[in-house]
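Student: Next comes the sequence, and after it the predicted model I'd like to discuss.
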Amino acid sequence: MNPFHIAFPVNDLAAAHTFYINVLGCSTGRTSDHWIDFNLYGHQVVAHLAPEEVQASVTNAVDGHSVPVRHFGVVLPWNEWQQLAEKLKGLNIDFIIEPYIRFEGEVGEQATLFIADPSGNALEFKSFKNMDQLFAH
């Protein structure tokens, strides 16, 4: 699988650096006074200092939750997702959506959780019991 690249606005580069390094375990790549490249599970995510672009995301109702429409994240192996969920709980991270299992026992069974970075960018981390069902319907 090829790594993806996404750039997103933040209102504080130092806070973004602390969050992506200390909470999500990213390493950094190139940096400047206006942006930081992060390695998020092998994907290039870039925080750009652009406070005027930071805004709350609209939400849609999904499974009784308010899911931020604008979000990004990574599909992790099941055990890695469980480890991340426990780490985030241990760090007392405020979840947008607490870790839970969707479609339990059905096609597409998946674990999911949503958090926000310090600028309010929503991130979803999910996992599938059977990765072959990533696009199942």
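Tutor: Cool, the structure landed.
Student: With adjacent residues omitted, what lies nearest to the residue nearest in space to the middle of the chain?
Tutor: Residue closest to the mean C-alpha point of the chain, counted by Cα atoms, centre = their mean, is Leu123 at 2.6 Å. In this structure, Leu123 finds its nearest non-sequential neighbour in Gly73, 4.7 Å apart by Cβ to Cβ, 6 or more residues apart in numbering. In short, each C-beta sits where N, CA and C put it, glycine included.
Student: The one you found contacts Lys126, doesn't it?
Tutor: Yes: between Gly73 and Lys126 a contact is recorded at 6.9 Å, counting by Cβ atoms under 8 Å.
Student: if we can go back for a sec, would you mind writing the CA trace of the host helix or strand of the residue nearest to Leu123 as CSV?
Tutor: Assigned by DSSP states H and E, Gly73 falls within strand 71-75. Extracted in CSV, the C-alpha atoms of strand 71-75 (Å, rounded to 0.1, in the frame of the first residue of the first chain):
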residue,chain,number,x,y,z
HIS,A,71,-11.4,13.9,9.6
PHE,A,72,-8.5,11.6,8.7
GLY,A,73,-6.8,8.7,10.3
VAL,A,74,-5.3,5.3,10.0
VAL,A,75,-6.6,1.7,9.8
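Student: Pull out the buried positions in it.
Tutor: His71, Gly73, Val74, Val75 (16 or more other Cβ atoms under 10 Å).
Student: where does Glu80 land on pLDDT?
Tutor: In this model, Glu80 is scored at 97, pLDDT.
Student: helix or strand for it, which one?
Tutor: Per DSSP H and E: helix 78-90 holds Glu80.
Student: tell me which residues in that helix are buried?
Tutor: For helix 78-90, a neighbour-count test (16+ other Cβ under 10 Å) marks Trp81, Leu84, Ala85, Leu88 as buried.
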